[in-house]
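K.L.:
Predicted structure and sequence below. I'll ask about it afterward.
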Amino acid sequence: MTTQLKLAITDAEWEIMRVIWTAKSTSSKEIINALQDKMGWKPTTVKTLIGRLVEKKLLTTQAVGNKFIYTATVTEEESVRKVTLDVFSHICNKKIGKTIANVLAESTLSQDDILLLTEVLEQKKKQAVNEVVCSCSKGQCDCCKE
Ligand SMILES: [Zn+2]
């Protein structure tokens, strides 16, 4: 499943994927209807985006009667996870903690979310290292400067 995500999903394609993830399987007509108000896209735009997602093998197509039914080949959870990890792969290991703290500070969270985060942090506290090791190339972060 992960190899299929090598081709990045664009912002516009995320909108399409979210409709399909929610509906499990759906037709282009339903996707067009779902996104009409939010995005104001023409049917041709939606069809073009669907076509790209099929090319990227993120959607499978099945002919049912006179229409096509689209199903996602990747889960929403996996896709979000992949994108998040991709972002973190672009920053120094030493900056990950602070970056997560910034994301948390800017997020609206429920009591349940905070409970979950506290549990994760308690686990992390047990496994914490004294110092995070930088794996950057020389010249790509301050810790690698000579
Ligand atoms: Zn670094």
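P.N.:
Yep, it's here. Keep in mind that this is a model prediction, so the values were computed, not measured.
K.L.:
which stretches of the protein have low pLDDT?
P.N.:
Applying pLDDT under 70 to the chain flags the ranges 1-7, 144-146.
K.L.:
ok, which residues in it are in contact with the ion?
P.N.:
Cys92, Cys134, Cys136, Cys141, Cys143 (C-beta under 5 Å from the ion). Just so you know, the C-beta spots here come from the backbone N, C-alpha and C atoms, and that holds for glycine as well.
K.L.:
now the closest residue in space to the second one that isn't next to it in sequence, what's its secondary structure?
P.N.:
It stands for Cys134. Spatial nearest neighbour of Cys134, chain neighbours left out: Cys143 (4.4 Å); criterion: C-beta to C-beta, 6 or more residues apart in numbering. Secondary structure assignment for Cys143 (DSSP: H, G, I helix; E, B strand; the rest coil): helix.
K.L.:
hang on, Cys143 packs against Cys92?
P.N.:
Yes: the criterion here is C-beta atoms under 8 Å, and Cys143 meets it with Cys92 at 6.6 Å.
K.L.:
which residues do the two both contact?
P.N.:
Taking C-beta atoms under 8 Å, 6 or more residues apart in numbering as the criterion, Cys143 and Cys92 both touch Cys134, Cys136.
K.L.:
More neighbours: which of those two?
P.N.:
When Cys143 and Cys92 are compared for neighbours, Cys92 comes out ahead with 18 against 14, by other C-beta atoms under 10 Å.
K.L.:
Contact partners for the nearest residue to the more buried one once chain neighbours are set aside?
P.N.:
The shortest distance from Cys92 to any non-neighbouring residue, by C-beta to C-beta, 6+ apart, is to Cys141 (4.1 Å). Applying C-beta under 8 Å, 6+ apart, we find Cys141 in contact with Cys92, Lys94, Lys95, Cys134.
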